[in-house]
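Participant: give me a model of this one.
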Amino acid sequence: MSRDIVYFDLETQRTANDAGGWDKKRDMGMSIGVTYSTARGEYQIYSEKNVNALIDQLLRADLVVGFNVINFDYEVLMGYTILDLPHQCKTLDLLVEIEAKLGHRLGLDAVATATLKVGKTGDGLDAIRWWREGRLLEIAEYCCFDVKCTKLVHEYGVEHRQLFYTDRFQQRKSVAVDW
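Facilitator: Residues are numbered from 1 along each chain as shown. Okay, here's the model as predicted:
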């Protein structure tokens, strides 16, 4: 059986301010979570009522790949479980890896645009507004696109052993990766 790499992202119902600060990520609530499984070859969209199925999929994966999942997405999910997801899921957090190489954080958009010439379609604040407006389909589409960007960035890094990003001076730079 082939190895199951699960690419993952989620959006929240509330901003950090709404929840009482960045230390209260567990109170932000998941609106929509999306995975792409290489073993299944398909995307899966999870609503809040199916959050336990999402957590189960992440725990069963051979590897979870995401962008800022350790310090954000897992923290949000731990509002729904007693499990310590960062320590129980085998995870490759692309942001953590890139930050370790460069000494500073980058957004997924900066990496995806410079590496793939494909940018994000919105941001987390759009998703929160859509949640308040009951526009779940827009959240799911946006989240699926972020998962696809993460997958393509990871695959590019595996194949080429480097990624590109745009720095604050709008210069295209490269960073070596060893995934």
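
Participant: what comes up buried for the helix of greatest length in the chain?
Facilitator: Secondary structure of the chain per DSSP state H: the longest helix is helix 136-160. Across helix 136-160, burial judged by 16 or more other CB atoms under 10 Å covers 138-151, 153-157. Using the backbone N, CA and C atoms, a C-beta is placed for each residue, glycine as well.

Participant: quick one: contacts of that helix?
Facilitator: 7-11, 31-36, 43, 45, 47, 65-67, 92, 94, 108, 111-112, 115-116, 118, 120-122, 126-127, 130-131, 163, 177, 179 (CB atoms under 8 Å, 6 or more residues apart in numbering).

Participant: recalculate using a threshold of 7 Å.
Facilitator: Contacts with helix 136-160, where a contact means CB atoms under 7 Å, 6 or more residues apart in numbering, come from 7-11, 31-32, 34-36, 43, 45, 65-67, 94, 108, 111-112, 115-116, 118, 120-122, 126-127, 130-131, 163, 177, 179.

Participant: where does pLDDT dip in the protein?
Facilitator: Within the chain, the ranges that satisfy pLDDT under 70 run 1, 119-123.

Participant: if you set the cut-off to 90 instead, what comes out?
Facilitator: By pLDDT under 90, the low-scoring segments of the chain are 1-2, 109, 117-127, 166-168, 170, 179.

Participant: all strands of it, in order?
Facilitator: Using DSSP state E, the strands of the chain run over residues 5-12, 30-37, 42-47, 63-66, 91-93, 162-166, 172-176.

Participant: deepest of those, which one?
Facilitator: Comparing the strands of the chain on average neighbours per residue, with mean count of other CB atoms under 10 Å, the densest one is strand 5-12 at a mean of 26.

Participant: how far away from the center of its chain is that strand?
Facilitator: Per CA atoms, centre = their mean, to the nearest Å, the displacement of strand 5-12 from the mean C-alpha position of its chain is 5 Å.

Participant: how about stretch 106-117?
Facilitator: With CA atoms, centre = their mean, you get 14 Å for stretch 106-117.

Participant: how about that stretch: buried residues?
Facilitator: Of all the residues in stretch 106-117, those buried under the rule 16+ other CB under 10 Å are Leu106, Leu108, Asp109, Ala110, Val111, Ala112, Thr113, Ala114, Thr115.

Participant: stretch 84-101 too?
Facilitator: Going by neighbour count (16+ other CB under 10 Å), the buried part of stretch 84-101 is Leu85, Cys89, Thr91, Leu92, Asp93, Leu94, Leu95, Val96, Glu97, Ile98.
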